[in-house]
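K.L.:
Show me how the following folds:
(chains A and B)
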Amino acid sequence: GAVVSQHPSRVICKSGTSVKIECRSLDFQATTMFWYRQFPKQSLMLMATSNEGSKATYEQGVEKDKFLINHASLTLSTLTVTSAHPEDSSFYICSAESQGAGTKNIQYFGAGTRLSVL
Amino acid sequence: GDSVTQMEGPVTLSEEAFLTINCTYTATGYPSLFWYVQYPGEGLQLLLKATKADDKGSNKGFEATYRKETTSFHLEKGSVQVSDSAVYFCALGGSSGYALNFGKGTSLLVTP
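P.N.:
Residues are numbered from 1 along each chain as shown, chains lettered A, B, ... in the order given. This is a model prediction of the structure:
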């Protein structure tokens, strides 16, 4: 089945530093990828929709200058948390939308990245 | 707007018990419906899906039927195992370029 790789799985950083999270679709091309944030024991909150070759669309309340998204190819989207602070500590999950036969519009998820900002 | 409502958890069952997790939705149009499962510390895995009314999705012993008349997509399994312990999310969507709309998730704990 379709596989989405998310890296790193866990990162600990100091306050004020930037962290980059990668999301790759390994065996399919994804024109659209999504970035979610999940708080403990809660559902997923959509942060932004990432489209290959164009600017990401951010949800209301998500700071685009803080959460930089780059979707430079059909298999890679990156989320950079700039000048991270403790309140940015969370579980970040990406998904990639398949356009393959039989899996059209199915979203496949990465394993998530646990970010801890000290 | 579109929304998904799931039964509140946590749900605790003994091994081999019957499982039902309720999910209802409101939507304009005819969305696809999904169940995703999240094991501790991991991302979401697609469990099953249904793309139109009366479709039944099934996988690993789990089933759900897309009921337009009751706007429901309840998840069922006849005999749960300890390894089924996870959080289950009902979601609707499936339109190209649009994110899924998730329910709040239902935590399931299966005890030996």
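
K.L.:
Show me the strands in chain B, by range?
P.N.:
B:3-6, B:11-14, B:19-21, B:23-26, B:32-38, B:44-50, B:56-59, B:62-65, B:75-77, B:86-93, B:101-102, B:106-111 (DSSP state E).

K.L.:
Please apply the same query to chain A.
P.N.:
A:4-7, A:10-13, A:19-25, A:32-38, A:44-51, A:57-58, A:67-73, A:76-81, A:90-97, A:107-109, A:113-117.

K.L.:
Show me what the first one is in contact with.
P.N.:
With contacts defined as Cβ atoms under 8 Å, 6 or more residues apart in numbering or on different chains, strand A:4-7 is touched by A:21-26, A:93-96, A:108-113, B:43. From N, CA and C alone the C-beta is placed, and that goes for glycine too.

K.L.:
from those residues, which would you call buried?
P.N.:
A:21-25, A:93-96, A:108-113, B:43 (16 or more other Cβ atoms under 10 Å in any protein chain shown).

K.L.:
Tell me the one among these nearest to B:S95.
P.N.:
Checking the buried ones among the contacts of strand A:4-7 against B:S95 by Cβ to Cβ gives A:S95 as the nearest, at 14.2 Å.

K.L.:
Show me what the closest one bridges to in the sheet.
P.N.:
Beta-bridge pairing of A:S95, defined through DSSP bridges, involves A:F34, A:F109.

K.L.:
In this structure it contacts A:A111, no?
P.N.:
No - counting by Cβ atoms under 8 Å, A:S95 does not reach A:A111; the two are 11.2 Å apart.

K.L.:
Can you tell me how far A:P8 is from A:S116?
P.N.:
12 Å (Cβ to Cβ, to the nearest Å).

K.L.:
just to revisit the earlier point, B:P10: which of the strands of chain A is closest?
P.N.:
strand A:32-38 (16.9 Å).

K.L.:
just checking, what packs against the closest one?
P.N.:
strand A:19-25, strand A:44-51, strand A:67-73, strand A:76-81, strand A:90-97 (3 or more Cβ pairs under 8 Å, 6 or more residues apart in numbering or on different chains; DSSP states H and E).

K.L.:
Let me know which of those is tucked in deepest.
P.N.:
strand A:90-97 (a mean of 26; mean count of other Cβ atoms under 10 Å in any protein chain shown).

K.L.:
Quick check: closest non-adjacent residue to residue 111.
P.N.:
Just so you know, I chose chain A. B:G43 (4.3 Å; Cβ to Cβ, 6 or more residues apart in numbering or on different chains).

K.L.:
try chain B instead
P.N.:
Per Cβ to Cβ, 6+ apart, closest to B:T111 is B:S14, 5.7 Å.
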